[in-house]
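# pasting the sequence and the predicted model now:
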Amino acid sequence: MKWHRKDLLDLQSLSVEEIQTVLDTAREFKAVGERHIKKVPALRGKTVVTLFVEPSTRTRISFELAAHRLSADVINFNAEVSSLRKGETLKDTARNLEALNADFIVIRHSAAGAPHFLSRVLGAHVVNAGDGAHEHPTQGLLDLFTMREKKGRLAGLQVTILGDILYSRVARSNIWGLRKLGAEVTLCGPPTLVPRTFEAMGCRVVHDLHQAIADADVINLLRIQHERQRKSAFPGLGEYTHLFGITRSRLADTKPDVLIMHPGPINRGVEVDSDVADGERSVILEQVTNGLAIRMAALYLINGGKATTPGAN
Ligand code: CP
């Protein structure tokens, strides 16, 4: 299929075909990453600016590496020493970057909708690298890619997302993508962080851990997003870990081939014990590797790159 979007803002608005196109294109870029020469000229002459106004390790570095691998010029905007600190607005900041010939603005911001706003006021391509608790589309795509690669399919897969769903942009992007591609999604965590309103997105909501993990093919763990919670949503981290933390003994209650996933950063000993995070069922670091291929695919397609023929899911 031909890719028509100027921007990548969310998974809510992507079609099944568009999601499959990104996944299939990423598979090709993953193969490129395994070659001796890992660079391709697709974005030669283009400039990519990573405008991160919230902390990041994985997403920022992998977008920068993806742009380098596509032969673009890459600028890392440092919000801490920028004129945002002097009161310049986000719109003015982005328009000045565009005046400096930025072709792509990859933005992470604490305000939900910030990338959508920039998309309307800029001619440059805008890529959402996480906006508040709204969406994190490339994380959702890399999670879908990893599940499909490991399990061979998404349709019919039983995926449990465990933890702080309410404040999680990763959860929302996963839910949109997984439901569109036919996976069954169970959400689990404390009732204050996993309200039944998520059932409207086509998910099963349960508050009992055993019920949530017994039949899961994938358990995607989320950390508690303290930075977005206005008040504590449960009595304490010890209580959370006691009720919902994934330990090796709790894995005994799961399918023997369950995948353990986590978008990072991990809070070891809280949502997951180290021997599970680093254990044989964990694909957490493979998710990071796949994130590079997904971000190469996203930049390439948005730039007008020829999409591959979507394969069967
Ligand atoms: N998964 C994720 O978004 O990680 P970073 O915050 O390190 O980018």
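Received it, and whenever you're ready, just let me know what you need.

# residues in contact with the lowest-mean-pLDDT helix or strand in the chain?
Every helix and strand in the chain was compared by mean pLDDT, DSSP states H and E; the lowest is helix 237-244, with a mean of 92. With contact meaning CB atoms under 8 Å, 6 or more residues apart in numbering, helix 237-244 is reached by Leu162, Gly163, Cys188, Gly189, Pro190, Leu209, Ile224, Phe234, Gly269, Val270, Glu271. C-betas here are computed from N, CA, C, even on glycine.

# so for the last one, what's the nearest residue that isn't a sequence neighbour?
The reference is to Glu271. Of all residues not flanking Glu271 in the chain, Leu221 sits nearest, at 5.0 Å (CB to CB, 6 or more residues apart in numbering).

# counting neighbours, what do you get for the one you found?
When neighbours are counted by other CB atoms under 10 Å, Leu221 registers 24.

# for it, list each beta-bridge partner.
In this entry, Leu221 is beta-bridged to Leu162, by DSSP bridges.

# hang on, the earlier thing: after the least confident helix or strand of the chain comes which helix or strand?
helix 248-251 (DSSP states H and E).

# which two of the contacts of helix 237-244 have the greatest separation?
Taking CB to CB as the measure, those span a maximum distance of 19.2 Å, between Cys188 and Gly269.

# who's more crowded, the two?
Shown here are Cys188 and Gly269; by other CB under 10 Å, Cys188 has more neighbours (25 against 13).

# which SS class is the nearest residue to the more buried one once chain neighbours are set aside?
Nearest residue to Cys188 in three dimensions, chain neighbours excluded: Ala212, at 3.5 Å (CB to CB, 6+ apart). What DSSP: H, G, I helix; E, B strand; the rest coil gives for Ala212 is helix.

# quick one: Ala212 and Thr186 touch, right?
Yes - because the distance of 5.3 Å satisfies CB atoms under 8 Å, Ala212 is recorded as touching Thr186.

# joint contacts of these two?
Taking CB under 8 Å, 6+ apart as the contact rule, Ala212 and Thr186 both touch Thr160, Val206.

# hang on, the earlier thing: quick one: the residue nearest to Glu271 and Leu141, what's the gap?
Computed with CB to CB, to the nearest Å, the distance linking Leu221 and Leu141 is 18 Å.

# check Phe244 too.
26 Å.

# check whether stretch 34-50 contacts the ligand.
No - between stretch 34-50 and the ligand, judged by CB under 6 Å from any ligand atom, nothing touches; the nearest distance is 10.7 Å.

# show residues contacting that stretch.
32, 60, 63-64, 67-77, 97, 100-106, 129, 299-300, 303, 305.

# and the residues you listed, which are buried?
When the contacts of stretch 34-50 are checked for burial by 16 or more other CB atoms under 10 Å, the buried set is 60, 63-64, 67-70, 72-75, 77, 97, 102-106, 129, 299-300, 303, 305.

# mind checking which helix or strand the residue in the stretch 201-313 of the chain positioned nearest to the ligand is in?
With CB to the nearest ligand atom, the shortest gap between the stretch 201-313 of the chain and the ligand falls at Pro263, namely 3.7 Å. If you go by DSSP H and E, Pro263 is not part of any helix or strand.

# test my guess that it contacts Asp143.
Yes - here Pro263 reaches Asp143: they are 7.1 Å apart, a contact under CB under 8 Å.

# quick check: neighbours shared by these two?
Common neighbours of Pro263 and Asp143, counting by CB under 8 Å, 6+ apart, are Val170, Asn220, Gln287.

# check the secondary structure at Ile105 for me.
Applying three-state DSSP: Ile105 is strand.
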